[in-house]
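Undergrad: Fold the following for me, if possible:
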Amino acid sequence: MASRQVIFNPEEFEPNKAITRADFAEYIVRALGIYREGTTHENRFQDVSATGERTLAILIANEYGIVSGYSDGTFRGDNQIIREEAMVMYLRAMKITKLVGSDENRYQSYTDYSQVSEWAKTNVKNVLSAHIFNGTTATKISPKAT
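TA: Next up, the predicted model:
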C-alpha cells in the first residue's frame with residue numbers, strides 16, 4: 001500500500017495504532033484512486049482549514065459522499081475514528097466500487113452488535129456482510145473502539 005501511495009508517511013505508519021478521522025478519509029480516497037492534487041473542492045466544514053495537511057482528502061471524500069461530517073457543520077478530523085464510523089466510510093466507498101456483500105446474517109455472530117449507533121446499523125451490517133471488516137474478537141465488533 002505504501003508503494004501505491006495509499007499509505008502516506010509509510011516510515012511512520014503503525015497498523016495497530018488508532019488513527020484520526022482525517023487520516024482515515026485520506027487512506028480511503030487514495031485507495032480508491034480518487035485523490036488528485038491540484039484540484040479544488042468546496043469546503044463545507046467550518047473546522048477544516050483551507051491549508052490543512054488532510055484538507056484535500058477530506059474535501060474529496062465529502063464530494064464523493066464518503067464523509068458527511070456532523071450536523072453542526074464540523075468534520076472533527078483530529079478525533080480518533082471509532083470503528084462504526086470507519087465502517088460507515090467503508091460502506092460508502094463500497095458503493096463507489098459497487099462491492100456488495102453476500103453474508104447478510106454475519107452481523108448476528110457479534111454479541112455487541114446492539115451497541116452500534118442507530119445511524120450506523122445498516123452500514124455496519126453491509127460492511128460485515130462483505131467481510132471488509134472483522135471483529136476485534138470472533139464475537140465482538142467493538143463499534144465504539146478506536
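Undergrad: Do you know the pLDDT at residue 51?
TA: Confidence at residue 51, expressed as pLDDT, is 89.
Undergrad: Next one: it from residue 43, what distance?
TA: 11 Å (Cβ to Cβ, to the nearest Å). C-beta: built from backbone N, CA, C; applies to glycine.
Undergrad: and if you look at residue 112?
TA: Applying Cβ to Cβ, the value for residue 112 to residue 43 is 36 Å.
Undergrad: Residue 12 too?
TA: Taking Cβ to Cβ, one finds residue 12 at 27 Å from residue 43.
Undergrad: out of these two, which sits in the busier spot?
TA: Using other Cβ atoms under 10 Å as the criterion, residue 12 and residue 43 rank with residue 43 on top: 15 against 8.
Undergrad: Hmm, residue 90 and residue 132 touching each other?
TA: Yes - contact criterion Cβ atoms under 8 Å: residue 132 and residue 90 qualify, at 5.4 Å.
Undergrad: which one of these two has more residues nearby?
TA: residue 90 (21 against 16).
Undergrad: Go through the helix or strand harbouring the more buried one and flag the buried ones.
TA: Here residue 90 sits within helix 83-97, counting by DSSP states H and E. Within helix 83-97, the residues that count as buried by 16 or more other Cβ atoms under 10 Å are 83-94.
Undergrad: Show me which of these is closest to residue 139.
TA: Taking Cβ to Cβ as the measure, residue 139 lies nearest residue 83 of the buried residues of helix 83-97, at 14.7 Å.
Undergrad: separation between that closest one and residue 15?
TA: Look at residue 83 and residue 15: by Cβ to Cβ, they are 15 Å apart.
Undergrad: returning to that earlier point: for the helix holding residue 90, name the packing helices and strands.
TA: Helices and strands touching helix 83-97, by 3 or more Cβ pairs under 8 Å, 6 or more residues apart in numbering; DSSP states H and E, are helix 21-32, helix 121-129.
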